[in-house]
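In: Dropping a prediction and its sequence here:
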Protein chains: 2
Amino acid sequence: MVHLSSPRARRTRARILDAALDLFERQGYEPTTVAQVADAAGVTPMTFFRHFPTKDAVLVTDPYDPLIADVVAAQPAVLPPFERVRLGMRAALGEIDPDEDATARRRVALVAANPALRAAVVAATAATEDAIVGRLVHDGVARLDARVAAAACLGACTAALLEPPDDGESLGAVVTRALDLLGQAS
Amino acid sequence: MVHLSSPRARRTRARILDAALDLFERQGYEPTTVAQVADAAGVTPMTFFRHFPTKDAVLVTDPYDPLIADVVAAQPAVLPPFERVRLGMRAALGEIDPDEDATARRRVALVAANPALRAAVVAATAATEDAIVGRLVHDGVARLDARVAAAACLGACTAALLEPPDDGESLGAVVTRALDLLGQAS
DNA sequence: CCCTGAATGTTACTCGCTAACATTCAGCCG
DNA sequence: CGGCTGAATGTTAGCGAGTAACATTCAGGG
């Protein structure tokens, strides 16, 4: 992993990412080797792994954000844990994603098409899930209750983001819809 | 993959499984190589892969059961999709697991300890999730709604099963508790 | 007793990924 | 302008998961 992206390193990383997306879209994720990606980027496989720890890291980045756990914990403690997580995540995730560039859409489409990558997304959200669980447990919520609530809400959001989007709808709006569906009034 | 387990193949498979659980528990999942497992089972690595398609398949088996989708689809169609999936899975999963042998507990403990294996579990439940979504969509439910409901409930159940269990509580009881927590009255 | 097919072994290979060490590049200072 | 320094990249070698093609052994029925 390159320490702090110097101007040169940033360009190299961008070239690798472009080459990867291009090849993944043209010949599929699994059939594409990182050697091919590195080659197309004019770079060595070793350099690929210095910029992305794994092959799937090009598409799946850890969205861990301590802010989410904060907002969840800030919901009224009198609510049942599931409601607390649901409303907290709604508040935290409904607004973000201002940088909803075309690259993000390409990544999502590629991940959605591959079961192994979908699993990688779950692994990447583990940190966020643990953060939420930790905060709730610290507030006296039973560990099982906290885990179930966090897993259900994160699973719902992930699934919603990977569904083929009604184009025009923002990613934030999709998340909001997903979490609303988990409320009883839906 | 061995076609149909002859008596000999069944014994070999059992030896591999025993050796794998033993080594995984003693030195961890990742540090253990399939060569070591095969060796301890008195077998070649090639034979290992003929009985288990991947290393993690020793611990993670696809629990796909068309019955679950059936029971979900049988819930009253007037209910919101999330309630339908929740109650359906409660009915389908609350009772099963009669073969709750010690081996199952060992597997669960090993999976719970490893993030990569947890991810493998969600990949393995993809078939079940798709089956539920397919049934609901066939009933006229919007695809996003169906996906979100199925993902939330499956995520909750998986998370609950991987939490360190109050020993004495059956796996079926844990699932029931998890799904009840997603109801509003909790 | 052989004969047949299933189960296993052997060999060789690809791909993801890592470590240790050498090399080139970009900018700052004299 | 020219060398210095550290970051970025290259080179080589290797491990482990997984696969393919082909050879070999085993168990049971004619």
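Out: Here it is on my side, so go on.

In: So which residue is dead centre in chain A?
Out: Residue closest to the mean C-alpha point of chain A, counted by CA atoms, centre = their mean, is residue A:63 at 4.7 Å.

In: who in chain A is up against chain B?
Out: A:80-83, A:115-116, A:118-120, A:122-123, A:126, A:143-145, A:147-156, A:158-160, A:163, A:174, A:177-178, A:181-182, A:184, A:186 (CB under 8 Å from any CB of the partner chain). Placement of C-beta: from N, CA and C, glycine included.

In: Show the pLDDT at the residue of chain A most remote from its centre.
Out: The outermost residue of chain A relative to its centre, with distances by CA atoms, centre = their mean, is residue A:78 at 29.5 Å. Among the per-residue scores, residue A:78 shows a pLDDT of 95.

In: what's the spacing between it and DNA strand C?
Out: To DNA strand C, residue A:78 is 45 Å away according to CB to the nearest atom of the strand, to the nearest Å.

In: Just to check, residue A:85 is in contact with residue A:72?
Out: Yes. In terms of CB atoms under 8 Å, residue A:85 counts as a neighbour of residue A:72; the distance is 5.5 Å.

In: Buried only: go through the residues of chain A next to chain B for me.
Out: Taking 16 or more other CB atoms under 10 Å in any protein chain shown as the criterion, what is buried in the residues of chain A next to chain B is A:80-83, A:118-120, A:122-123, A:144-145, A:147-156, A:158-160, A:163, A:174, A:177-178, A:181-182.

In: Identify the residues contacting residue A:74.
Out: residue A:88 (CB atoms under 8 Å, 6 or more residues apart in numbering or on different chains).

In: List the ones among the buried ones among the residues of chain A next to chain B that fall in helices.
Out: The helices, defined by DSSP state H, take in A:81-83, A:118-120, A:122-123, A:144-145, A:147-156, A:158-160, A:174, A:177-178, A:181 from those.

In: I'd like to check which residues are in contact with whichever residue of chain A sits closest to chain B.
Out: Of the residues in chain A, the one nearest chain B is residue A:155, at a distance of 2.8 Å by CB to the nearest CB. Contacts of residue A:155 were listed using CB under 8 Å, 6+ apart, and they are A:122, B:151, B:152, B:154, B:155, B:156.

In: restrict the buried ones among the residues of chain A next to chain B to contacts with DNA strand C.
Out: Counting by CB under 7 Å from any atom of the strand, nothing from these sits close to DNA strand C.

In: And the contacts of stretch A:109-124?
Out: Counting by CB under 8 Å, 6+ apart, A:21, A:24-25, A:29-30, A:56, A:59-64, A:155, A:158, A:162-164, B:115-116, B:118-120, B:122-123, B:126 sit against stretch A:109-124.

In: Repeat the analysis, applying 6 Å as the threshold.
Out: With contacts defined as CB atoms under 6 Å, 6 or more residues apart in numbering or on different chains, stretch A:109-124 is touched by A:24, A:29, A:56, A:59-60, A:62, A:158, A:162, B:115, B:119, B:122-123, B:126.

In: Show me which of the residues you listed is closest to residue A:91.
Out: Using CB to CB, residue A:158 is the member of the contacts of stretch A:109-124 that lies nearest residue A:91, at 18.0 Å.

In: Kindly provide the distance from the residue nearest to the closest one when sequence neighbours are not counted to residue A:157.
Out: Nearest non-adjacent residue to residue A:158, counting by CB to CB, 6 or more residues apart in numbering or on different chains: residue A:121, 5.8 Å away. Plainly put, residue A:121 is 10 Å away from residue A:157 if you go by CB to CB, to the nearest Å.

In: now chain A, which segments are flagged as low pLDDT?
Out: For chain A, the stretches flagged by pLDDT under 70 are A:3-4, A:96-100, A:184-186.

In: Please enumerate the helices of it.
Out: Using DSSP H, the helices of chain A run over residues A:7-27, A:34-40, A:45-51, A:66-73, A:81-93, A:102-112, A:115-124, A:126-138, A:143-162, A:171-181.

In: Enumerate the positions of the fourth one that are buried.
Out: When you say that, I think you mean helix A:66-73. Of the residues in helix A:66-73, those buried (16+ other CB under 10 Å) are A:68, A:69, A:71, A:72, A:73.

In: Output those residues as a markdown table; include the columns distance to residue A:36.
Out: Shown next, in a markdown table, are the buried residues of helix A:66-73 (distance: CB to CB, whole Å):
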| residue | distance to residue A:36 |
| --- | --- |
| A:68 | 36 |
| A:69 | 39 |
| A:71 | 42 |
| A:72 | 42 |
| A:73 | 45 |
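
In: hang on, the earlier thing: figure out which of the helices of chain A is closest to residue B:105.
Out: Closest to residue B:105 of the helices of chain A is helix A:143-162 (CB to CB; 16.7 Å).

In: Residue A:109: how many residues sit nearby?
Out: Applying other CB atoms under 10 Å in any protein chain shown, we find 16 residues neighbouring residue A:109.

In: how far away is it from DNA strand C?
Out: For residue A:109, the distance to DNA strand C - CB to the nearest atom of the strand - is 19 Å.

In: what do you get for residue A:2?
Out: In this view, residue A:2 and DNA strand C are 12 Å apart by CB to the nearest atom of the strand.

In: Can I get stretch A:67-78 in PDB? Just the C-alpha atoms.
Out: Taking Å, rounded to 0.1, in the frame of the first residue of the first chain, the C-alpha atoms of stretch A:67-78 are listed here in PDB:
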ATOM      1  CA  LEU A  67     -20.500   9.000  12.100                       C
ATOM      2  CA  ILE A  68     -23.200   6.400  11.400                       C
ATOM      3  CA  ALA A  69     -22.700   4.700  14.800                       C
ATOM      4  CA  ASP A  70     -22.900   8.100  16.400                       C
ATOM      5  CA  VAL A  71     -26.100   9.100  14.800                       C
ATOM      6  CA  VAL A  72     -27.600   5.700  15.700                       C
ATOM      7  CA  ALA A  73     -26.600   6.100  19.300                       C
ATOM      8  CA  ALA A  74     -28.100   9.500  19.300                       C
ATOM      9  CA  GLN A  75     -31.600   8.200  18.600                       C
ATOM     10  CA  PRO A  76     -34.000   8.100  21.600                       C
ATOM     11  CA  ALA A  77     -32.900   5.300  23.900                       C
ATOM     12  CA  VAL A  78     -36.500   4.500  24.800                       C
END
